[in-house]
Structure formats: C-alpha cells, structure tokens
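Enquirer: Predicted structure and sequence below. I'll ask about it afterward.
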Amino acid sequence: MEPLYKRYAKKKPVGVYFLGYDIGVLFFTPMEEDKTDCDYVTAWEYAGKHKGYRRQQVSAMKSGRMYIFKGSRRIYLDEVMRSR
C-alpha cells in the first residue's frame, strides 16, 4: 500500500482551513481503503507544498459543534471553507 502523501498528492481537497497568509490545512475525502479508519485525510500546506498527511476522526462537543485535532490545534468544521 502506498503512503498517504503519494495517494492524495493529486487529489483535490474538499475543504481548506486558513491559518495565515501561506499556511493552511487541506481536507480530503478519504479513499475507499481509508474510509474505515477515518472521516477525513488532512495535510498541512506551507506556501503551496503539502506535508503531514494524517487520517482524522471527527469529534463533537456537547453543543454539537464538530472538530478535529491537527497538531495541537482544534479545528472546527464549521470554520472550514469548502472547495469546488
């Protein structure tokens, strides 16, 4: 099986979370072989380069607000911009 960075390198993200001018988190819909392990595959984006591909599970607060942890950061899904 290929590593995540090779399998998702050519895929278009379904969402983007911006952290700054050149830094963000890309959200990918998982491929069929990853769907049992995760809800999303995410990657850091630094100035157009993608690194740190990880499988992510979505968690929910008591209020119903959905989020993931990327690094030490909690990213709320309602703040993620959808890509077309």
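Expert: Perfect, I can see it now.
Enquirer: in the sheet, who's paired with the residue most central in space within the chain?
Expert: The residue lying closest to the centre of the chain (CA atoms, centre = their mean) is residue 42, at 2.4 Å. Going by DSSP bridges, residue 42 is paired in beta bridges with residue 27, residue 54.
Enquirer: quick one: it from residue 62, how far?
Expert: Relative to residue 62, residue 42 is positioned 24 Å away (criterion: CB to CB, to the nearest Å). Where C-beta positions appear, they are placed from N, C-alpha and C, glycine not excepted.
Enquirer: Poorly predicted segments of the protein, please.
Expert: In the predicted model of the chain, residues 83-84 satisfy pLDDT under 70.
Enquirer: Run through the strands of it in chain order.
Expert: Using DSSP state E, the strands of the chain run over 15-18, 23-28, 40-46, 49-56, 59-60, 66-70, 73-76, 81-82.
Enquirer: angle of the third one against strand 23-28?
Expert: This means strand 40-46. Between the axes of strand 40-46 and strand 23-28, defined by axes from the mean of the first three to the mean of the last three CA atoms, to 10 degrees, the angle is 150 degrees.
Enquirer: which ones are touching the residue nearest to the centre of the chain?
Expert: 25-28, 52-54, 56, 68, 70 (CB atoms under 8 Å, 6 or more residues apart in numbering).
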